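Asks: okay, sequence plus prediction incoming.
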Amino acid sequence: MTWPAIRTILDGALVTAALSAISILLSLPMGLLLALLRWRRIPVIEGLLAAFVTIVRATPFVTLVLFVYFVMPAIGLELDPVPAAILALTANTAAFSSEIWRAALQAFPRDQREAAIAFGMTDTKVFTRIVFPQIWRASLGPLVSEVTILLKCTPAVAVIGVVEITRAASRVGAETYEPLPPFLLATLIYTVLIAVLVRSQRVIERRLARRMGLTPL
Amino acid sequence: MAELEPAISARGVCKDFGGFEVLRDIDLDVATGTTTCILGPSGSGKSTFLRCLNWLEEPSAGDILIQGKPIGRTGLGRDAKRMARNELAAARTSIAMVFQHFALWPHLTVLGNVAEAPVHVLGRPRHEVEAEGRAILARVGLAEKADAYPHTLSGGQKQRVAISRALAMKPKVILFDEPTSALDPEMVGEVLAVIRGLAQDGLTMVVVTHEMAFARKVADTIVFMDAGRVREVATPHDFFANPQSERTKRFIARS
């Protein structure tokens, strides 16, 4: 492969990494917010959120991307490809991660919350001091696995013209008639990106375990 | 000690869960500096009553007063408005609670558990609270466990941490909800010894318990509950030597 070809793929890698990073940072807190709002059981809002989660979960990701890019303008939301891609990725992972957060919230021990309330904590304090510091640890594994799925969804944004790793690799392959090297490189980059995520998870888990005197699994 | 307003008063407290009356018209005054033990068979409403005192359960009717000030509602009587959530939270800071299953916060160290509410609810400086916290832990025999996490402790140690957590709030009253019921027999003693020490120091405590011998030795007042009512309020001596009702006699005889 020539250097310009490699550059093309590396640029794609940058796009993939940036799209993923931004979408992760937006979608995980949004998923938590969704879960918290649904947990409150506010009549109309609960129904709307449940519908949002159900529809997004049921829609294939490519369809969701096309929907955001081509249908949203009809209701006045006209986005460039990259913001549209970020919106689709964020909506998708927010919906899936909200189920992870919700499970953690529901499983949270009632007596710990009660103790916090009995000691005069307000709802906000109970959440920020007692509940959240525990549920993010409990949810770390499933969330990281959700985030790796997000990363693997990114090639779908090529349908609206965003050039990320896979798109870049297939372009190079088409131009050079040699698909093997660009796709090997693409695979290598994906593997590295996923490894970074999984590795960070392990590091965080191990640190927590060491601090709390637990034996790491 | 000067005659003060009762630390806690319950007036006509009722509680029903979906039509089932758990508490029926309960009146009780707990004098400042005294230990009140609430005895009674399982299902008599003891724990529910205790949980009404800090409004963990909302009474269906009746008033709770902490040193003369209503908690839960802004005034007296059924028509008084409910306190705002923040107001209720603030009112709870003067009443600490010790739970049957400890309810420690596992992500915090022992000292972290003790300091959590004084720092983050009362807004006191951490270094000051931690110094006091270490002193309290030393007192309950857990000085060397300050930096350990709860999961490394025995049940008796956990409950002593929970008691330290309550003491760190410098509350007007401490409520104990069956503090030894979840413990191995061997650990019951160490926890009761701590509570007994607090009683001797003149803390105001309300203890729901099945430990008759403990109640006899430590309580200033014994409250006997059955079927959601207070059947008898007496000194330990009178309660055990001269029970007033048939129901009380049967209860004492069986235990």
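Replies: Arrived safely. Residues are numbered from 1 along each chain as shown, chains lettered A, B, ... in the order given.
Asks: could I get the contacting residues of residue B:217?
Replies: B:196, B:236 (CB atoms under 8 Å, 6 or more residues apart in numbering or on different chains). In short, each C-beta sits where N, CA and C put it, glycine included.
Asks: report the beta-bridge partners for the residue most central in space within chain B.
Replies: Centroid check for chain B by CA atoms, centre = their mean gives residue B:175 as the closest residue, at 1.0 Å. Assessed by DSSP bridges, residue B:175 has beta-bridge partners residue B:97, residue B:206.
Asks: now the helices for the stretch 1-150 of chain B?
Replies: With DSSP state H, counting those that start in this stretch as the criterion, the stretch 1-150 of chain B has helices at B:46-53, B:85-92, B:110-120, B:126-139.
Asks: nope, the stretch 151-255 of chain B is what I was after
Replies: Under DSSP H, counting those that start in this stretch, the stretch 151-255 of chain B gives helices at B:155-168, B:185-200, B:212-218, B:236-241, B:246-254.
Asks: would you turn these into TSV with distance to residue B:141?
Replies: Shown next, in TSV, are the helices of the stretch 151-255 of chain B (distance: least, CB to CB, whole Å):
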stretch	distance to residue B:141
helix B:155-168	7
helix B:185-200	8
helix B:212-218	18
helix B:236-241	26
helix B:246-254	33
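Asks: and among the ones you listed, the most buried is which?
Replies: Among the helices of the stretch 151-255 of chain B, the stretch with the highest mean neighbour count (mean count of other CB atoms under 10 Å in any protein chain shown) is helix B:155-168, at a mean of 26.
Asks: and the helices in chain A?
Replies: Per DSSP state H, chain A carries helices over the ranges A:3-40, A:43-58, A:61-66, A:81-107, A:110-118, A:123-125, A:132-153, A:165-176, A:180-211.
Asks: now distance to chain B, mean neighbour count and mean pLDDT too, for those, in TSV please.
Replies: Listed next are the helices of chain A as TSV, based on distance: least, CB to the nearest CB, whole Å; neighbours: other CB atoms under 10 Å in any protein chain shown; pLDDT from 0 to 100:
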stretch	distance to chain B	mean neighbour count	mean pLDDT
helix A:3-40	13	18	94
helix A:43-58	19	13	92
helix A:61-66	35	19	96
helix A:81-107	13	21	96
helix A:110-118	4	20	97
helix A:123-125	6	15	94
helix A:132-153	5	18	95
helix A:165-176	38	20	94
helix A:180-211	8	15	94
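Asks: so which of those helices is nearest residue B:42?
Replies: Residue B:42 sits nearest to helix A:110-118 of all those, at 18.7 Å, using CB to CB.
Asks: now the angle from that closest one to helix B:110-120?
Replies: For helix A:110-118 against helix B:110-120, the angle by axes from the mean of the first three to the mean of the last three CA atoms, to 10 degrees is 40 degrees.
Asks: so who does residue 183 touch?
Replies: Assuming you mean chain A. Contacts of residue A:183 by CB under 8 Å, 6+ apart are A:169, A:170, A:173.
Asks: other chain: chain B
Replies: The contact partners of residue B:183, taken as CB under 8 Å, 6+ apart, are B:155, B:156, B:159, B:191.
Asks: need the phi and psi values for it.
Replies: Backbone geometry at residue B:183, expressed as degrees, to the nearest 10, gives phi -100, psi 150.
Asks: and it, how far is that from residue B:158?
Replies: With distances taken as CB to CB, to the nearest Å, residue B:183 is found 9 Å from residue B:158.
Asks: what of residue B:141?
Replies: For residue B:141, the distance to residue B:158 - CB to CB - is 13 Å.
Asks: surely residue B:188 meets residue B:209?
Replies: No: counting by CB atoms under 8 Å, residue B:188 does not reach residue B:209; the two are 10.2 Å apart.
Asks: tell me, what's touching these two both at once?
Replies: Shared contacts of residue B:188 and residue B:209 (CB under 8 Å, 6+ apart): residue B:180.
Asks: that older thread, nearest to residue B:95, of the helices of chain A?
Replies: Taking CB to CB, helix A:110-118 is the member of the helices of chain A nearest to residue B:95, at 7.7 Å.
Asks: for that closest one, packing partners?
Replies: For helix A:110-118, the packing partners by 3 or more CB pairs under 8 Å, 6 or more residues apart in numbering or on different chains; DSSP states H and E come out as helix B:85-92, strand B:95-98.
Asks: winner for burial among the ones you listed?
Replies: Of all the helices and strands packed on helix A:110-118, strand B:95-98 has the most neighbours on average by mean count of other CB under 10 Å, namely a mean of 27.
Asks: got any ranges where the stretch 101-250 of chain B has weak pLDDT?
Replies: Nowhere does the stretch 101-250 of chain B drop to pLDDT under 70.
Asks: residues from it in reach of chain A?
Replies: With the criterion set to CB under 8 Å from any CB of the partner chain, the stretch 101-250 of chain B comes near chain A through B:101, B:103-107, B:116-117, B:120-122, B:148-149, B:151-152, B:165, B:169.
Asks: restricted to strands, list those.
Replies: Residues of those located in strands (DSSP state E): none.
Asks: list buried residues within those.
Replies: By neighbour count, with 16 or more other CB atoms under 10 Å in any protein chain shown, those hold B:101, B:103-105, B:107, B:116-117, B:120-121, B:148-149, B:165, B:169 as buried.
Asks: out of the helices and strands packed on helix A:110-118, flag the one nearest residue A:200.
Replies: Closest to residue A:200 of those, according to CB to CB: helix B:85-92, at 36.6 Å.
Asks: what residues does that closest one touch?
Replies: By CB under 8 Å, 6+ apart, the residues outside helix B:85-92 that reach it are A:117-123, B:54-55, B:66, B:69, B:71-72, B:74, B:82-83, B:121.
Asks: quick one: distance of it to the chain centre.
Replies: Computed by CA atoms, centre = their mean, to the nearest Å, the chain-centroid distance of helix B:85-92 equals 18 Å.
Asks: what angle do helix B:110-120 and it make with each other?
Replies: Angle, helix B:85-92 to helix B:110-120, by the same axes, to 10 degrees: 120 degrees.
Asks: closest to residue B:253 among the contacts of residue A:183?
Replies: Distance ranking of those against residue B:253, using CB to CB, places residue A:169 first at 85.2 Å.
Asks: roughly how far does the closest one sit from residue A:82?
Replies: 19 Å.
Asks: same check, this time on residue A:116
Replies: Note on residue A:116: its distance to residue A:82, by CB to CB, is 42 Å.
Asks: with residue B:45 instead?
Replies: For residue B:45, the distance to residue A:82 equals 63 Å [CB to CB].
Asks: now swap in residue B:185 and tell me
Replies: Residue B:185 sits 67 Å away from residue A:82, going by CB to CB.
Asks: same question, residue B:218
Replies: 70 Å.
Asks: repeat for residue A:31
Replies: From residue A:31 over to residue A:82 the distance is 22 Å, taken as CB to CB.
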